[in-house]
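Student: My questions concern the predicted model and sequence given below.
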2 protein chains.
Amino acid sequence: MTMVTVKKLYREDKAFYGQKVQVSGWVRTLRASNAFGFIELNDGTFFKNLQVVFDTKLNNFKDISKLPISSSIKVSGTIVETPEAKQPFEIHAETVEVEGLSSADYPLQKKRHTFEYLRTIAHLRPRSNAFSAVFRVRSVAAYAIHKFFQERDFVYTHTPIITASDAEGAGEMFHVTTLDIANPPKTKEGTIDFSEDFFSKSANLTVSGQLNAECYALAFRNVYTFGPTFRAENSNTARHAAEFWMIEPEIAFADLKDDMALAEDMLKYVIKYVINECPEELEFFNSFIDKTLLERLNHVVNSEFGKVTYTEAVEMLKKSGKQFDYPVEWGIDLQTEHERYLTEELFKKPVFVTDYPKEIKAFYMRMNEDGKTVAAMDCLVPGVGEIIGGSQREERLDILEKRMEELGLEKEDYWWYLELRKFGGTKHAGFGLGFERLIMYVTGMQNIRDVIPFPRTPNTAEF
Amino acid sequence: MTMVTVKKLYREDKAFYGQKVQVSGWVRTLRASNAFGFIELNDGTFFKNLQVVFDTKLNNFKDISKLPISSSIKVSGTIVETPEAKQPFEIHAETVEVEGLSSADYPLQKKRHTFEYLRTIAHLRPRSNAFSAVFRVRSVAAYAIHKFFQERDFVYTHTPIITASDAEGAGEMFHVTTLDIANPPKTKEGTIDFSEDFFSKSANLTVSGQLNAECYALAFRNVYTFGPTFRAENSNTARHAAEFWMIEPEIAFADLKDDMALAEDMLKYVIKYVINECPEELEFFNSFIDKTLLERLNHVVNSEFGKVTYTEAVEMLKKSGKQFDYPVEWGIDLQTEHERYLTEELFKKPVFVTDYPKEIKAFYMRMNEDGKTVAAMDCLVPGVGEIIGGSQREERLDILEKRMEELGLEKEDYWWYLELRKFGGTKHAGFGLGFERLIMYVTGMQNIRDVIPFPRTPNTAEF
């Protein structure tokens, strides 16, 4: 008898009608009378369950009738088409063997639980419908990212997680140390003697792999990173986590236009891939999490993204007559309310806002002719606001050095970054996509804690 | 005129003969006379260079003739077949435009450099032949890992990097903290007050995602991790880094046999994929790094891996008459010399050693009937020794708890791990593959510092 997965049964259903097969999985629900019973079996390979029908022909009928939810079982039986039923087929069991009995205090009983509660049982929540869907989509989307870039010959570059440099000052950093914090070695002057630390200097967790990725783009032309990044900000919001994954492509011989084209292609590719590979999961999200989800995703895939400069966007927002909590003036950092109004009300589709004031952007962004704005772009999408931020990088050594001086950055700390401009620099550009933001976007989930298997946030590092 | 990549030119060469195209890239070498010149152009997309032929028809002939190595240029011209030459074709330039002039002190001149020296210019070394090959293979192998598991419906699971638990005591850990190390808050008792730290407790960088992956295997059946892991051991060897990437699949309803079959399939798949996708790179390694490389890789792909128990292996080693530095006795942890002798001399192919003494293996490995050994496996390959370590996990709650007591582990610290056994546990198994070990194996590179873009080792966190 063949051991098959529930996914295979659903995907090739007709091939199995009338066939004897073996399946294994976990009991999601069970109801039984004196004569027969039904088990909804989930085997982890597929969002949907397989209905197991059993009756008193089983020699362990009584035990099986009382199986606690979440017990793991092996079932042998025949796949039977069920044209009248909700599900297309079921399995008529000949034997049901218990592999692991669950306990009556299993916390994921049939009744609805809040997402807040489910976070306290993060080791079990992937067994629920919502989280099995979220984390399968997360996996498929991660693969789509790799597939997109690898099909285009991008080189996947593992930039370092531990770093002794502060990169771009993008955020508060976590210290990484092997010093005894209770009793650290001191210098003669009484400061911490980091020469005794593992790396002989103070080290942190990375906030971005971009500067390292630029080194590789200037060797391989097109590269991308996909790895964890960290923020030690004490922000307890639904959109911030201390540890999250980021995708950062970097392309050489390319300008801001190429960068936007790449971002648009990538987003559409990944969303299409998830739509094709996870129809059951998206259907679930569309029914139970966000009724506009599928419409929104299909709209993104089929729209040509809009483009507007920051200066134009500010004008449009001011002219709109809309009252914002945070007033709009040229020079401000756009807030989520502004971003969402732009993409949802004014453009009614994803839109790139370009050419931001240099004051609100990072030192490495390429200065425009006007001397006031830089070649930056943010991609805004309906329902979320900013999902991608990128820029063309300053490749002109003198202008870059001048900008660093203005901002008080030490050139010595960036010697290798500056050398990239000295030894055959080229126009180049890149962007960052927060992977969790993308997963929230394609699932409709509202809290970043619910799209990370074991989230790390202020005061929380359980599991 | 079409802008094409050098990879496309090589892969579809005949299609471009006689065609006008545009290419861009970096000057690897240049020689010129008064009448004409040759540039070896590398555009980052392909291991090999494109030969650019130019002559005095260029209005900037003199400038181009003196271009420093590593300058970036754009070339327009015609692709011409060269049946008598080493390379199949070249481009006859009509225009050569300089995008970024390099400097005369560019450190990667034509002459050979030691790998040690190249580590000090990690931002530039991917522009050399050896490292462009290493890091392209690294990218392709990473993708092959994802492809292998995704094609088999494994769920890619991002296990946490920051952890408050010590997992399996697999190694020394890095502390992660936002406390002011120079002046940390203290409790009344005078110890560090970690309740003031970011996570309200002491936190570390992960040494393994396995325990978390087990949670997901018991929901999704088949999962894998692929992410960075850390060791704070002060080992300055060619095989140890403080930060490295690991792949950890975990499979439910599966035993040690299934685990070995998966490991063998995966290794063969990844090696085959690299052989197919990176023939130029492997040819290079085979010529310049390890003359036995291709023979060895092909042998692995075509061998059925051997299997031997630890007890049998110890007998074989004792009977071999071979003098080892470290004498062989039942109970010892096999050393690299023993492992290599087994796989290279006794089996002459990859071999799984199984069923190790429980004393030298981790607490979570499944106890065998004999009460002395556990269902562990190490995969040994010629030329390296151990490349994979795995085991069937102890799914029996009582036996697992007893083992933890013996080893003095606190059950409270593992409450969620133990609950996996309480709520529908199943037989399950998994293994860990150090990604850098794999890259060293498929490239022949001998130092782990040379297969990580920006390596982190004791006293080293530059770039």
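Tutor: Cool, got the structure.

Student: Confirm that A:Lys322 sits in a strand.
Tutor: No. Assigned with DSSP: H, G, I helix; E, B strand; the rest coil, A:Lys322 falls outside any strand and is coil.

Student: What is the helix or strand harbouring A:Leu294 packed up against?
Tutor: Secondary structure assignment for A:Leu294, by DSSP states H and E: helix A:293-302. Applying 3 or more CB pairs under 8 Å, 6 or more residues apart in numbering or on different chains; DSSP states H and E, one finds that helix A:293-302 contacts helix A:256-277, helix A:279-288. Every C-beta, even on glycine, is put in place using the N, C-alpha and C of the backbone.

Student: For the shortest one, buried residues please.
Tutor: Same thing as helix A:279-288. For helix A:279-288, the neighbour count (16 or more other CB atoms under 10 Å in any protein chain shown) marks A:Glu281, A:Leu282, A:Phe284, A:Phe285, A:Asn286 as buried.

Student: and which of those residues is nearest to A:Phe54?
Tutor: A:Phe284 (27.0 Å; CB to CB).

Student: returning to that earlier point: just the C-alpha atoms of the helix holding A:Leu294, please, in CSV.
Tutor: In CSV, the C-alpha atoms belonging to helix A:293-302 read as follows (Å, rounded to 0.1, in the frame of the first residue of the first chain):
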residue,chain,number,x,y,z
LEU,A,293,-7.4,40.6,0.1
LEU,A,294,-7.7,38.8,-3.2
GLU,A,295,-9.1,41.9,-5.0
ARG,A,296,-6.2,43.9,-3.7
LEU,A,297,-3.6,41.4,-4.7
ASN,A,298,-5.0,40.9,-8.1
HIS,A,299,-5.1,44.7,-8.5
VAL,A,300,-1.5,45.0,-7.7
VAL,A,301,-0.4,42.3,-10.1
ASN,A,302,-2.4,43.9,-12.9
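
Student: what's the next secondary structure element after that helix?
Tutor: strand A:306-309.

Student: Check the offset of the helix or strand of chain A with the lowest mean pLDDT from the chain's centre.
Tutor: Within chain A, no helix or strand scores below strand A:2-3, which has a mean of 84 by mean pLDDT, DSSP states H and E. Chain-centre distance of strand A:2-3: 35 Å, with CA atoms, centre = their mean, to the nearest Å.

Student: List of residues touching it?
Tutor: Strand A:2-3 has contacts (CB atoms under 8 Å, 6 or more residues apart in numbering or on different chains) with A:Gln19, A:Val21, A:Gln22, A:Val23, A:Ser24.

Student: and if you look at stretch A:305-324?
Tutor: Residues contacting stretch A:305-324 (CB under 8 Å, 6+ apart): A:260, A:264, A:328-330, A:334-335, A:337-338, A:341-342, A:345-347, A:349-357, A:373, A:379.

Student: quick one: terminal-to-terminal distance for that stretch?
Tutor: Terminal residues of stretch A:305-324 are spaced 24 Å apart (CA to CA, to the nearest Å).

Student: how about that stretch: buried residues?
Tutor: Taking 16+ other CB under 10 Å as the criterion, stretch A:305-324 shows A:Phe305, A:Gly306, A:Val308, A:Thr309, A:Tyr310, A:Thr311, A:Ala313, A:Val314, A:Met316, A:Leu317 as buried.

Student: Specify the residue ranges that define each domain of chain A.
Tutor: Annotated domains of chain A cover A:2-100, A:127-171+A:207-450 [the TED database].

Student: Buried deepest among these, which one?
Tutor: domain A:127-171+A:207-450 (a mean of 20; mean count of other CB atoms under 10 Å in any protein chain shown).

Student: Straight-line length of that domain, end to end?
Tutor: 14 Å.

Student: quick one, what contacts A:Lys272?
Tutor: Here A:Lys272 is in contact with A:Val301 (CB under 8 Å, 6+ apart).

Student: Apply 10 Å and report the result again.
Tutor: Going by CB atoms under 10 Å, 6 or more residues apart in numbering or on different chains, A:Lys272 touches A:Ala144, A:Leu297, A:Asn298, A:Val300, A:Val301, A:Asn302.

Student: A:Glu281 touches A:Val140, doesn't it?
Tutor: Yes. Between A:Glu281 and A:Val140 there is a contact under CB atoms under 10 Å: 8.5 Å.

Student: returning to what we had before: tell me which helix or strand comes right after the least confident helix or strand of chain A.
Tutor: Following strand A:2-3 in sequence, per DSSP H and E, is helix A:6-11.

Student: Can you name every helix or strand that that next one contacts?
Tutor: helix A:13-16, strand A:20-32, strand A:50-55, strand A:89-100 (3 or more CB pairs under 10 Å, 6 or more residues apart in numbering or on different chains; DSSP states H and E).

Student: quick one, the third one and strand A:89-100 angle?
Tutor: For strand A:50-55 and strand A:89-100, the angle between their directions (axes from the mean of the first three to the mean of the last three CA atoms, to 10 degrees) works out to 80 degrees.

Student: Who are the packing partners of strand A:50-55?
Tutor: helix A:6-11, strand A:20-32, strand A:36-42, helix A:61-65, strand A:72-81, strand A:89-100.

Student: quick one: that strand to chain centroid distance?
Tutor: Distance, centroid of strand A:50-55 to centroid of chain: 37 Å (CA atoms, centre = their mean).

Student: Can you pull the residues that touch both of A:Glu281 and A:Val140?
Tutor: Common neighbours of A:Glu281 and A:Val140 (criterion: CB under 10 Å, 6+ apart): A:Val274, A:Val442.

Student: Dihedrals phi and psi, the residue lying closest to A:Thr178 once chain neighbours are set aside?
Tutor: Leaving aside its sequence neighbours, A:Thr178 sits nearest to A:Phe198 (CB to CB, 6 or more residues apart in numbering or on different chains; 4.3 Å). Dihedral angles phi and psi of A:Phe198 (degrees, to the nearest 10) take the values phi -50, psi -40.

Student: and if you look at A:Leu58?
Tutor: Torsion angles, degrees, to the nearest 10, at A:Leu58: phi -70, psi 130.

Student: what ranges do the strands span in the stretch 151-300 of chain A?
Tutor: Applying DSSP state E, counting those that start in this stretch to the stretch 151-300 of chain A gives strands spanning A:155-156, A:162-163, A:175-177, A:203-205, A:222-230, A:243-252.

Student: Run through the stretch 1-150 of chain A and note the low-pLDDT ranges.
Tutor: Judged against pLDDT under 70, the stretch 1-150 of chain A has no low-scoring part.

Student: With the stretch 151-300 of chain A instead?
Tutor: Using pLDDT under 70, the stretch 151-300 of chain A drops low at A:166-170.

Student: Recalculate using a threshold of 90.
Tutor: A:164-172, A:182-183, A:190 (pLDDT under 90).

Student: I'd like the helices and strands packed on helix A:293-302 laid out as CSV, including distance to A:Phe220.
Tutor: Formatted as CSV, those follow (distance: least, CB to CB, whole Å):
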stretch, distance to A:Phe220
helix A:256-277, 15
helix A:279-288, 34
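
Student: The closest residue to A:Val384 other than its chain neighbours: what's it in contact with?
Tutor: In space, A:Val384 comes closest to A:Tyr441 once its chain neighbours are excluded; the distance is 5.3 Å by CB to CB, 6+ apart. With contacts defined as CB under 10 Å, 6+ apart, A:Tyr441 is in contact with A:141, A:267, A:270-271, A:293, A:296-297, A:300, A:381-384, A:387, A:434, A:451.

Student: Would you quantify the distance from A:Tyr441 to A:Thr225?
Tutor: 20 Å (CB to CB, to the nearest Å).

Student: same check, this time on A:Glu359
Tutor: Going from A:Glu359 to A:Thr225 by CB to CB gives 27 Å.
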